[in-house]
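**Student:** 3D, please:
(one chain, ligands or ions: 1)
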Amino acid sequence: MNSDILDQLKNTVLEFDIDSAEDIAKKAVDSGIDPLAAAAVLTDAIRVIGNKFGSGELFLPELVCASEVLKKAFPIINEAIEAKGQKQTSLGKVVIGTVFGDIHSIGKGMVATLLYAAGFEVIDLGINVKGEDFLKAVKEQNADILAMSALLTTTAMEQKNVIEGLKKDGLRDRVKVIVGGSPINQEFADSIGADGYGATAPEGVKIAKRLLGIEQ
Ligand code: B12
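**Tutor:** A predicted model of the protein is given here:
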């Protein structure tokens, strides 16, 4: 019975079933299943999707739909985890967002999803994020990594402003900064003092792991 519900939950991600995600997550919680087991099947499922995306077997629309399923199911499972006072293990905490003045969300969302699938705790601040809000989140969440996305040449410099803000607030040594987005390249990332740059979301995950010493 319990394994049926866990299979159903896993399949919401694998089959991109956004409409059923909330109901099945609620059903799982109501059935008295360990919410950590429910979180684990969701995480396994998004890992499968993330790997298939990384190998070119799946494409952007599938990744976006799978992450929409997670957005529906996870708050319900997380609430149950918190209510039980349980804690999930994580590779590290990432604060992510698209910089101020920029409303492009798709690439940032992919990076957030794949980081999550890889086992990071991800706090997604969304789009058009003010520098002060990045700084506040890094400080309050004690983030290991700050990941910023910029899609416009006019907003790319905002990544630099945030890094300067980290320095000014004495936070720069506490957090690794990774940047990305179509106008960004390694040279630009180096010039603004970022710790890493990823041309793609899977590369972002590799760099995040490398910066935290999880992988070479
Ligand atoms: C979709 C889109 C929009 C949508 C965004 C919808 C949404 N919810 O995101 C809408 C219509 C809202 C939009 C608006 C605008 N857009 Co627009 N948009 C695009 C478009 C077509 C696709 C962007 C996209 O999602 N790509 C797919 C994702 C997957 O790719 P990606 O974001 O690059 O992310 C990948 C990597 O860069 C990397 N990555 C991204 N972020 C990060 C972060 C980290 C940490 C790491 C490691 C990696 C990483 O990983 C991702 C994939 O693996 C591009 C054109 C293009 N070909 O890129 C123009 C484009 C980005 N837009 C452009 C412009 C000019 C605008 C507008 C100013 C248009 C206008 N005059 O109003 C507004 C900007 C509004 C604003 N203030 O932000 C220009 C930017 C030009 C420039 N160099 O500055 C582009 C390049 C189009 C063009 N050729 O002119 N846009």
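
**Student:** mind listing the strands in the chain by residue range?
**Tutor:** In the chain, the segments counted as strands under DSSP state E are 93-98, 121-124, 145-149, 176-180, 196-197.

**Student:** Need the winner for burial among those.
**Tutor:** Between the strands of the chain, strand 145-149 has the highest mean count of neighbours, a mean of 29, where neighbours are mean count of other C-beta atoms under 10 Å. For glycine as for every other residue, the C-beta is placed from the backbone atoms N, C-alpha and C.

**Student:** hmm, who's touching the helix or strand of the chain with the lowest mean pLDDT?
**Tutor:** Ranking every helix and strand in the chain by mean pLDDT, DSSP states H and E puts helix 106-118 at the bottom, with a mean of 85. For helix 106-118, contacts defined as C-beta atoms under 8 Å, 6 or more residues apart in numbering pick out 43, 46-47, 49-50, 53-54, 60, 63-64, 66-67, 70, 91, 94, 96-98, 122, 124, 127, 147, 149, 151, 180-182, 198, 201-202, 204-205, 208-209.

**Student:** What residues does the chain have near the ligand?
**Tutor:** 60, 101-108, 110-111, 147-149, 151-154, 178-183, 198, 200-201, 204 (C-beta under 6 Å from any ligand atom).

**Student:** Which secondary structure elements does the helix ranked longest in the chain sit against?
**Tutor:** If you go by DSSP state H, the chain has its longest helix at helix 60-83. If you count contacts as 3 or more C-beta pairs under 8 Å, 6 or more residues apart in numbering; DSSP states H and E, helix 60-83 packs onto helix 2-14, helix 18-30, helix 35-54, helix 106-118.
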